[in-house]
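Colleague: whatever this is, show me its structure:
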Amino acid sequence: MNTINEEIFRAYDIRGTYPATINEQVAFTVGKSYGSYLQEKYNKTTCIVSHDNRLSSETLTQNLIKGLVSSGMNIVSLGFTTTPMNYYARYINQMPGIMVTASHNPKDDNGFKFSFDGMINARGEMIEDFKKYTLAGNFKNGQGRITNTNITNKYIEYLKYSLKFGKNKRKVVIDPGNGAASHIVRKVFDSVFCTPVYINDIADGNFPNHHPDPAVPENLVELQKAVKENRADFGVAYDGDADRIGVVMENGEIMPIEHLMLLYIQDMFNNVQTKTFLYDIKCSKAIEDMVNLWGGKTICYRTGASYTEFKTHEDNLPFGGEYSGHLYFRDRDADCASAIYASLRLLEILSKTNEKLSKLVKNYPKYYTTPEVKIPSDDVTKFNVVEQIKEYAKLKNYPFNDIDGVRITYTNGWVLVRASNTGPNITFRAEATSEEGIISLKSIYLPMIEKYNKPVDTL
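Modeller: Coordinates of the predicted model:
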């Protein structure tokens, strides 16, 4: 199938730019391949399909379904949903599914998140095998059936069923960024114990107000302003498909994702049997420090929602999270990776105290950190850069974790260099106990990255 660009097959999903690398023909082929693969490898005959509100999602979904049905696969079509709603449908039906979305990527991007063995998304070698199968093009032929259904109300009840609010009614600003959460946030927050304020809650695939990626500070500026103007207790922002969260505290400051994770862990700590919690390799050492202080354990794991979800299930952990804002709660039930659910859990915590959010987290460690720095690099060179940094660490005899890129540990901090799995970038992040430490780490590693960030044949 030489019409498909192999680079759209990434570590956690299929993703590219519409219509250059992701288009109607690609969607049809992916559908036919996915349907054939599920039948041949997993003996599955029915799958879930839904899509976000990107401008290209509707037409891609139509062609994806054509491909699926032509392979003999039966379809349960949910229409327009968030990604966690797609996961929820997989969970309650115990069947695989595929979601048309590009998550937090620019508006012209699109792609497919999919599972083979139930709710947890395909990842790594699973996608590599599916890529080979797709490119070979030996697909099944048949005529599947399409069943259209809507799970919105059932899903909203599922989000709320385990919550137990206290006596303090809180005001929260909700910013879905004109993304997929826009069509359900009012139904959720209007029906729980809070005073909601909504901004940017009209679904619009042009994302006219700001890019829907809450991990980027400039995308939270409007939310920060709204929190302060409305004297809200906190604000939440979601990415394009509503599986990632960003939080602004009552004082208008952005809450570090690690502090949000610690707040959840602290809240559930005495109510869970397993006191081991997962964070990804981009996260601050603050998580390890505090969990160890409380008497628990941590696992530092690789970046990627699929990997985080898989590891929390495999090790039966009560909670796991990523620096990007993917959070997985398993202390009560599988929550299907919902940023909206994460908001409700935060609302629940605050309803049981009179304290301000900023005060609840003020004693958590605060280190000097860089943001996640993204350095443009092609999809071949970026992996060589990581290998060169790893060789440097070996030469210096520095301890390092290479589960995902290379995270080098110093007595007073750490530095991470990794190849992005969602774009042509090298990502860099550093943390230290002092500002001088950060300056030192940047002065060592950023020039080194620049030196090696050249096509391999020119080195």
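
Colleague: show me where the stretch 201-350 of the chain has its helices.
Modeller: For the stretch 201-350 of the chain, the helices defined by DSSP state H, counting those that start in this stretch cover 221-229, 257-268, 286-294, 305-314, 339-351.

Colleague: which one of the ones you listed lies nearest to Y410?
Modeller: Y410 sits nearest to helix 286-294 of all these, at 14.8 Å, using C-beta to C-beta. For every residue, glycine as well, the C-beta is placed using N, CA and C.

Colleague: quick one, the closest one and helix 257-268 angle?
Modeller: Relative orientation of helix 286-294 versus helix 257-268 (axes from the mean of the first three to the mean of the last three C-alpha atoms, to 10 degrees): 30 degrees.

Colleague: what about helix 286-294, distance to the chain center?
Modeller: 23 Å (C-alpha atoms, centre = their mean, to the nearest Å).

Colleague: what packs against it?
Modeller: helix 257-268, strand 276-280, strand 297-301 (3 or more C-beta pairs under 8 Å, 6 or more residues apart in numbering; DSSP states H and E).

Colleague: how about these in JSON lines, adding distance to H326, mean pLDDT and mean neighbour count?
Modeller: Formatted as JSON lines, the helices and strands packed on helix 286-294 follow (distance: least, C-beta to C-beta, whole Å; pLDDT from 0 to 100; neighbours: other C-beta atoms under 10 Å):
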{"stretch": "helix 257-268", "distance to H326": "10", "mean pLDDT": "98", "mean neighbour count": "22"}
{"stretch": "strand 276-280", "distance to H326": "8", "mean pLDDT": "97", "mean neighbour count": "24"}
{"stretch": "strand 297-301", "distance to H326": "12", "mean pLDDT": "97", "mean neighbour count": "18"}
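
Colleague: would you turn the ones you listed into a markdown table with distance to N138?
Modeller: Formatted as a markdown table, those follow (distance: least, C-beta to C-beta, whole Å):
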| stretch | distance to N138 |
| --- | --- |
| helix 257-268 | 44 |
| strand 276-280 | 37 |
| strand 297-301 | 35 |
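
Colleague: and E322, which of these is closest to it?
Modeller: E322 lies closest to strand 276-280 among the helices and strands packed on helix 286-294, at 4.3 Å (C-beta to C-beta).

Colleague: CA atoms only for the closest one - export them in PDB, please.
Modeller: Coordinates of each C-alpha in strand 276-280 appear next as PDB, following Å, rounded to 0.1, in the frame of the first residue of the first chain:
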ATOM      1  CA  THR A 276       2.500   2.600  44.600                       C
ATOM      2  CA  PHE A 277       1.900   5.400  42.100                       C
ATOM      3  CA  LEU A 278       3.200   6.000  38.600                       C
ATOM      4  CA  TYR A 279       4.500   9.100  36.900                       C
ATOM      5  CA  ASP A 280       6.200   9.600  33.600                       C
END
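
Colleague: partners of it, with directions?
Modeller: When pairing is defined by DSSP bridges, strand 276-280 lines up against strand 297-301 (parallel), strand 319-321 (parallel).

Colleague: in the chain, where is pLDDT below threshold?
Modeller: 1-2, 456-459 (pLDDT under 70).

Colleague: the same query, at a cut-off of 50, please.
Modeller: The chain contains residues with pLDDT under 50 at 1, 458-459.

Colleague: check contacts around the residue positioned nearest the centre of it.
Modeller: Nearest residue to the geometric centre of the chain (C-alpha atoms, centre = their mean): H326, 4.1 Å. H326 is in contact with D243, R244, A305, T308, E309, A337, counting by C-beta atoms under 8 Å, 6 or more residues apart in numbering.

Colleague: closest one of these to E431?
Modeller: Nearest to E431 among the contacts of H326: T308, at 19.7 Å, using C-beta to C-beta.

Colleague: can you list the helices of the stretch 201-350 of the chain in JSON lines and add distance to K154?
Modeller: Putting the helices of the stretch 201-350 of the chain into JSON lines (distance: least, C-beta to C-beta, whole Å) gives the following:
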{"stretch": "helix 221-229", "distance to K154": "29"}
{"stretch": "helix 257-268", "distance to K154": "25"}
{"stretch": "helix 286-294", "distance to K154": "34"}
{"stretch": "helix 305-314", "distance to K154": "21"}
{"stretch": "helix 339-351", "distance to K154": "14"}
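
Colleague: and of the ones you listed, who's closest to G405?
Modeller: helix 305-314 (12.9 Å).

Colleague: re the thing from before, of all the helices and strands packed on helix 286-294, which one comes closest to P212?
Modeller: Nearest to P212 among those is helix 257-268; the distance by C-beta to C-beta comes to 16.2 Å.

Colleague: any chance you could list what contacts the closest one?
Modeller: Outside helix 257-268, the residues that touch it by C-beta under 8 Å, 6+ apart are 215, 245-247, 277, 279, 283-284, 286-287, 290-291, 294, 296, 318-319, 321-325, 327, 329, 331, 342, 345-346, 349, 360-361, 364.

Colleague: since that was my last question, I'll sign off now.
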